[in-house]
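Peer 1: coordinates for the following, if possible.
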Amino acid sequence: MNEFDLIKSYFNWPLSDPSIELGVGDDAALFQIDSDCQLVTSTDTLSEGVHFFKDAHPGDIAYKSLAVNLSDIAAMGAQAKCFTLSLTLPKLDESWLQAFSDSLREASELFNVSLIGGDTTKGPLNITITIMGTVKKSKAIKRSGAKNGDDIYVSGDLGRAALCLKKINEGSQPSTTELNKLNKPVPRLSLGSALKNIASSCIDISDGLEQDLSHILSASKVGAIIDSHNLPLSDTVKEYIKSTQDWGLPLCGGDDYELCFTSDKSNQSEIKKLSENLKVRITKIGVINNSLNLNIKGYDGLSKSFKHF
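Peer 2: Sure, this is the predicted structure:
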């Protein structure tokens, strides 16, 4: 089987969006963008031994590869449209490819995004996805919009994926919900879209709350104070912290793929309604100030956030 046969057999799917004129099979894809929209694009690479274990199920790898890219789109308040896939394989394993392809296709249909192209080659296992979406002009939520006095919020709960990874590394068995949080994060697309007129800044929490919130502070040229005891935690993470006093897990663990955003205090009731309507937990964890520093009450440990290098 050559490269073109591989693509035709496993990744040549029907297009889900009528604005896409040309997808897999040509030198490049074509899609129409409305004149009042901006293109939003992001790329993430997942590498064996860094982002997933050597024995990870191909279906889990495929789903997470797409989900983490969609989380970036959610953080911008954009609508995901399509994606490209670059797949580097150490060998041609058709059973692995079939499981990977089936899961990726299922995820693409679940989130209504089309695979429009990519590349395959031989080498250490790496998956690179470039996601594309659209947002109305001037409506994208940037990291640079936080203002003094804004409230700071996070969606969902923090630390479950990091606890799952810790258990695996220590040889104990994580729960099913913990494994799903690590392997099958749910990108907050509906929440991100609804925040376009509410949030002053936003970021998805991939490398840990401490590091990712710091990106907002740096881009916005502001500071913040948050209280570790206000962080939204699952019961298992609460139990872990109670026994270890290790607040680094929810603050620095990463792999949460929740949204951290800021908003003017006048939007508190609207955010509460949004949480109820979308059935998504949204928790206020702190306030933006002019200090240019991140002050975390109840935590004085060294940063353990994920570092890319």
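Peer 1: SS state for Asn277?
Peer 2: helix (DSSP: H, G, I helix; E, B strand; the rest coil).
Peer 1: mind checking how far it is from Ile141?
Peer 2: 19 Å (CB to CB, to the nearest Å). Backbone N, C-alpha and C define where each C-beta goes, glycine included.
Peer 1: for Leu110, same thing?
Peer 2: 23 Å.
Peer 1: more neighbours: which of those two?
Peer 2: Remark: of Leu110 and Ile141, Ile141 carries more neighbours, 25 against 13, as counted by other CB atoms under 10 Å.
Peer 1: mind listing the helices for the stretch 51-200 of the chain?
Peer 2: Using DSSP state H, counting those that start in this stretch, the helices of the stretch 51-200 of the chain run over residues 58-75, 94-110, 160-169, 176-183, 189-194.
Peer 1: and the third one, what does it pack against?
Peer 2: So that's helix 160-169. helix 176-183, helix 235-244, helix 248-252 (3 or more CB pairs under 8 Å, 6 or more residues apart in numbering; DSSP states H and E).
Peer 1: go ahead and confirm Leu259 touches Leu209.
Peer 2: No. Using CB atoms under 8 Å, Leu259 makes no contact with Leu209, being 11.0 Å away.
Peer 1: and for those two, which residues touch both?
Peer 2: Common neighbours of Leu259 and Leu209, using CB atoms under 8 Å, 6 or more residues apart in numbering, are Val154.
Peer 1: can you pull the contacts of the residue nearest the centre of the chain?
Peer 2: Compute the mean C-alpha point of the chain, and by CA atoms, centre = their mean the closest residue is Ser71, 3.2 Å away. Contacts here follow CB under 8 Å, 6+ apart; on that basis Ser71 touches 185, 187-188, 204, 206, 257.
Peer 1: from Thr120, how far out is it?
Peer 2: 25 Å.
Peer 1: need the nearest residue in space to Leu292, chain neighbours excluded.
Peer 2: Nearest residue to Leu292 in three dimensions, chain neighbours excluded: Gly223, at 4.7 Å (CB to CB, 6 or more residues apart in numbering).
Peer 1: tell me the bridge partners for the one you found.
Peer 2: Asn289 (DSSP bridges).
Peer 1: nice, that's everything, thank you.
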